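In: Please work out how this folds:
(one chain, ligands or ions: 1)
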Amino acid sequence: MEKRFIYADNSATTAVSEEVLNAMLPYFTKAYGNPSSIYKLGRDAQKDIENAREKVARAIGAEPREIFFTSCGSESDNWAIKGIAENMAKKGKKHIITSVFEHHAVLHTCEYLEKHGYEVTYIPVSEDGLVNPEDVKNAIRDDTALVTIMYANNEIGTIQPIEEIAQICKEKKVIFHTDAVQAVGHVEIDVKKQGIDMLSLSGHKIHAQKGIGALYVRKGIALPNLIHGGGQERNKRAGTENVPAIVGLGVAIENAVKDIQRKNEIITPRRNRLIDGILKLPYTRLNGDRDKRLAGNLNISIEGIEGESLLLMLDMYGICASSGSACTSGSLDPSHVLLAIGLKHEIAHGSLRLSIEEDVTDDDVDYILDVIPKVVERLRSMSPVWEKMMKGESYE
Ligand code: PLP
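Out: Prediction:
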């Protein structure tokens, strides 16, 4: 078997596309004007920023003035949550609702607010990795300032009933924010039709560079300034704009949302073949609802092995994969997402996330399905946990 290189970790990050790179390049050496400068070089840069803003807005059904560029998805999440918390506290509303399996950019922000006098309700999720809108409804109180529920989970890929939650928030007159970092470019989003008030997105998940993101804020929602200083981003986020990255994000998001359905039709059967192939191994289970999930995502627990060892061995075969979210790998704590859907610690430890795009071919799928059983068998043969399992002994 010839070793290949297969990138199956697009939920962690993506390569900058040729088109994005080429769109960005002139801004480093030729079109390098400061967008605040009065002369043409500056004015052109300003125009190009506004052009990119239009593209981002169009991609999610927003208006350009509702889009604010940030440095990443985490910044967008922090700004949305802390900003609304600060503003609504003035009206005596200091309660926030989120789910237990959000990305840490949301969870740690909520924990920070708890330390500063706010109350947070963490909605549980079902075994399938879905938030029940009724739970959100029941958690809303008179002093609820914000509901923030992710669009698609970064580890198990489950797509949440965003429209229903947004509708409930609208009825209850509570602001609704969604972290759509994993959803943009993979599911059709229209913030107006879906009733979303605020939305976070990130460039590096959709073939733009790392270090660029955006926050959509429905007009009429007051959000405090994030960075004080110059008048950039409608006075709300000072600092000379990262023009190349902004232009790149515009191109990337335009491409990402162009033909979602066509891409998903190609990816889904490959992803399903991977799921079915890996599930043939004994003592495995798919994490997250089989259908209500991102087309390219699979997350499977493989008992009797350590996720980290699996990843290292897959790497030796040229396969880039993940065992949880990239931000927490390196820590030996089991994933909070897998624990949230009810997995035991020792099962959560041995999980594999693959996130594929179109470039992972049917041949690549065959290769992965050839490699994984071999690697799993090898790891299990060395695993004391597996040995105990096979003898029917307790291994907890
Ligand atoms: N939210 C989700 C759901 C994510 O998956 C990520 C990144 O993995 C982030 C937020 C953070 O985005 P960024 O890396 O741009 O800060």
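In: residue ranges with poor pLDDT in the stretch 201-350 of the chain?
Out: For the stretch 201-350 of the chain, residues meeting the criterion pLDDT under 70 lie at 324-332.
In: mind listing the helices in it by residue range?
Out: 243-258, 260-279, 307-316, 336-340, 345-349 (DSSP state H, counting those that start in this stretch).
In: quick one, the longest one and helix 243-258 angle?
Out: Looking back up the chat, that one is helix 260-279. Helix 260-279 and helix 243-258 are oriented at 80 degrees to each other (axes from the mean of the first three to the mean of the last three Cα atoms, to 10 degrees).
In: counting contacts, what elements does helix 260-279 pack onto?
Out: For helix 260-279, the packing partners by 3 or more Cβ pairs under 8 Å, 6 or more residues apart in numbering; DSSP states H and E come out as strand 284-286, strand 297-302, strand 351-355, helix 362-381. All C-beta spots, glycine's among them, are computed from the backbone N, C-alpha and C.
In: Let me know which of these is the nearest to the ligand.
Out: strand 351-355 (10.1 Å; Cβ to the nearest ligand atom).
In: Out of the helices of the stretch 201-350 of the chain, flag the one nearest the ligand.
Out: helix 336-340 (10.2 Å).
In: Report all helices and strands that the closest one contacts.
Out: Looks like helix 336-340 contacts helix 345-349 (3+ Cβ pairs under 8 Å, 6+ apart).
In: and the helix it packs on, what does it pack onto?
Out: In terms of contacts (3+ Cβ pairs under 8 Å, 6+ apart), helix 345-349 is packed against helix 336-340.
In: Format the CA atom coordinates belonging to the helix it packs on as PDB.
Out: Taking C-alpha atoms only, helix 336-340 is exported to PDB below (Å, rounded to 0.1, in the frame of the first residue of the first chain):
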ATOM      1  CA  HIS A 336     -16.700  17.900  27.100                       C
ATOM      2  CA  VAL A 337     -18.800  17.400  24.000                       C
ATOM      3  CA  LEU A 338     -18.600  13.600  24.200                       C
ATOM      4  CA  LEU A 339     -19.300  13.600  27.900                       C
ATOM      5  CA  ALA A 340     -22.300  15.900  27.300                       C
END
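In: can you put the helices of the stretch 201-350 of the chain in TSV and add mean neighbour count?
Out: Below are the helices of the stretch 201-350 of the chain laid out as TSV (neighbours: other Cβ atoms under 10 Å):
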stretch	mean neighbour count
helix 243-258	24
helix 260-279	16
helix 307-316	17
helix 336-340	22
helix 345-349	19
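In: what would these look like in a markdown table with distance to the ligand?
Out: Output for these, formatted as a markdown table (distance: least, Cβ to the nearest ligand atom, whole Å):
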| stretch | distance to the ligand |
| --- | --- |
| helix 243-258 | 11 |
| helix 260-279 | 18 |
| helix 307-316 | 17 |
| helix 336-340 | 10 |
| helix 345-349 | 18 |
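In: And the helices and strands packed on helix 260-279: which comes nearest residue 33?
Out: Across those, residue 33 has its closest neighbour in strand 351-355 (37.7 Å, Cβ to Cβ).
In: I'd like the mean pLDDT over the closest one, please.
Out: For strand 351-355, mean pLDDT is 97.
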